[in-house]
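Asker: structure of the sequence below:
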Amino acid sequence: MTVFKGYLKIIRKNLGVIFTYTAIFLAISILITELMPEKQRESFQAEKLNITIVDEDSSALSKGLTEYLSEICNVTETDMNKEELTRKLYARSTEYILRIPEGYGENFLDGKAVLDTTKVPDSSAAYLIDGRINGFVKTAAAYIKAGYTQEEAADRTRRAMEVQPDVTVVDTGKIDENSRENYSYTFTYFPYLYVTLMIYCISFVLRAFSDREIHRRMLAAPVSATSQTLQAVSAFGILFLLFWLVSLLMPLATKNGSAFYTAPLAKYYILNSFALLLVSVAIGFLAGTLARNAEAVSAISNIVGLGLSFLCGVFVPMELLGKGVKKVSQFLPVYWYETANEVLATNTTLSSENLHTILQAVGIQAVYALALVIITLFIVKRRQQES
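Answerer: Numbers count the residues shown, from 1 in each chain. Predicted coordinates:
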């Protein structure tokens with residue numbers, strides 16, 4: 001297990017880089033979730049508005065209208081003068097003043113008596129009351145023209161206006177941006193953390209073992225090439241597995257992050273992050289193969305990590321990206337990770353179409369990872385032949 005221990009020793013030397021990037025990532029995630037608005041999930045509930053009625057008619061119609069409005073609003077009946085009512089409206093203790101003039105019931109059909117209303121300027125609530133009053137008046141007029149008395153018309157109109165439609169709310173599982181869980185933002189920024197750290201860690205380990213003296217000693221060692229490869233794979237496997245498991249604990253650092261572990265879609269988040277890990281590892285091996293020195297590793301890490309993040313919707317939401325940028329980003333694996341993550345973040349349940357999108361994105365990432373590994377092996381084989 002000498003080779004295995006050697007790999008672990010080099011990995012331990014680079015733990016500082018891992019901890020630094022992880023700490024920065026956590027700080028950004030916590031900051032982003034703290035700045036997010038509280039999720040708005042309250043159900044709709046109608047509110048009763050405060051209105052004032054001055055009934056100068058006291059007819060069956062005026063009383064019927066007052067009773068109807070009392071069922072949907074907080075009604076105050078008064079005989080205040082206009083100046084007192086204006087002060088009340090100015091203080092916003094009432095939002096709507098309705099004056100029913102004398103003779104309103106008697107002159108109802110000929111239109112000589114008109115309701116007098118005063119309301120808060122540009123009040124949406126006032127428009128709502130106008131609509132309710134107009135509905136009552138038109139319905140009552142239809143009943144009177146049909147031969148009903150004013151008492152009967154007022155009673156039938158009030159009962160007709162009380163009829164409510166049966167409404168069934170269908171849960172499509174779709175949620176808006178303000179209702180996203182905070183942990184979804186943590187997963188959104190995973191690509192930058194994964195890609196950057198994998199390039200750094202794998203590149204530095206590969207550079208250490210690519211030293212000519214060390215390479216010759218390993219060739220002369222009484223350990224077969226197969227055993228050396230298996231020990232290297234085991235060491236890297238432990239690193240990748242531990243890093244992935246630790247990253248899955250990161251939602252705990254965000255507000256209400258513990259909800260992730262009981263969420264019905266958590267398994268798809270985990271599957272998508274594992275596919276991203278495979279892509280990041282493959283990118284790391286390719287970068288480690290190409291980099292000649294520490295400066296090259298740093299340059300490749302920053303260019304690839306930041307480039308993928310900006311092009312694929314990590315740092316900039318996809319809806320803000322231009323059409324040209326989106327077309328280019330579709331050829332990059334991180335785009336498909338973010339596509340799946342967006343579906344998961346904006347749905348509480350998955351339709352068959354959404355599930356297909358997620359599995360397709362995971363499959364495309366796996367294909368990219370395999371393609372990158374094949375390219376890396378080809379480069380390694382070519383260099384061995386040249387040397």
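
Asker: quick one: contacts for the residue nearest to residue 278 when sequence neighbours are not counted?
Answerer: Once flanking residues are discounted, residue 278 sits nearest to residue 369: 4.0 Å by Cβ to Cβ, 6 or more residues apart in numbering. Every C-beta, even on glycine, is put in place using the N, C-alpha and C of the backbone. By Cβ atoms under 8 Å, 6 or more residues apart in numbering, the residues touching residue 369 are 275, 278-279, 281-282, 333.

Asker: format these as CSV; extra columns: pLDDT, secondary structure and distance to residue 155.
Answerer: Below are the contacts of residue 369 laid out as CSV (pLDDT from 0 to 100; DSSP: H, G, I helix; E, B strand; the rest coil; distance: Cβ to Cβ, whole Å):
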residue, pLDDT, secondary structure, distance to residue 155
275, 95, helix, 67
278, 93, helix, 73
279, 94, helix, 72
281, 91, helix, 77
282, 91, helix, 77
333, 93, helix, 70
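
Asker: neighbour count added to the residues you listed, as TSV?
Answerer: Below are the contacts of residue 369 laid out as TSV (neighbours: other Cβ atoms under 10 Å):
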residue	neighbour count
275	23
278	21
279	28
281	25
282	24
333	27
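
Asker: please report how far the residue nearest to residue 278 lies from residue 60.
Answerer: 80 Å (Cβ to Cβ, to the nearest Å).

Asker: return the member of the contacts of residue 369 nearest to residue 158.
Answerer: residue 275 (62.2 Å; Cβ to Cβ).

Asker: touching, that closest one and residue 370? I think so.
Answerer: No - contact criterion Cβ atoms under 8 Å: residue 275 and residue 370 do not qualify, at 11.4 Å.

Asker: could you chop the chain up by domain?
Answerer: Using automatic domain parsing, the domains assigned to the chain come out as 2-36+180-386, 49-162.

Asker: neighbours of the nearest residue to residue 281 once chain neighbours are set aside, how many?
Answerer: Spatial nearest neighbour of residue 281, chain neighbours left out: residue 198 (5.5 Å); criterion: Cβ to Cβ, 6+ apart. Residue 198: 26 surrounding residues under other Cβ atoms under 10 Å.

Asker: which residues in the stretch 251-387 of the chain form helices?
Answerer: Per DSSP state H, counting those that start in this stretch, the stretch 251-387 of the chain carries helices over the ranges 266-290, 294-311, 323-329, 333-345, 352-386.

Asker: so can I have a markdown table of those showing distance to residue 98?
Answerer: What follows is these, written out as a markdown table (distance: least, Cβ to Cβ, whole Å):
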| stretch | distance to residue 98 |
| --- | --- |
| helix 266-290 | 55 |
| helix 294-311 | 59 |
| helix 323-329 | 54 |
| helix 333-345 | 48 |
| helix 352-386 | 50 |
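
Asker: out of these, which is the most enclosed?
Answerer: helix 333-345 (a mean of 24; mean count of other Cβ atoms under 10 Å).
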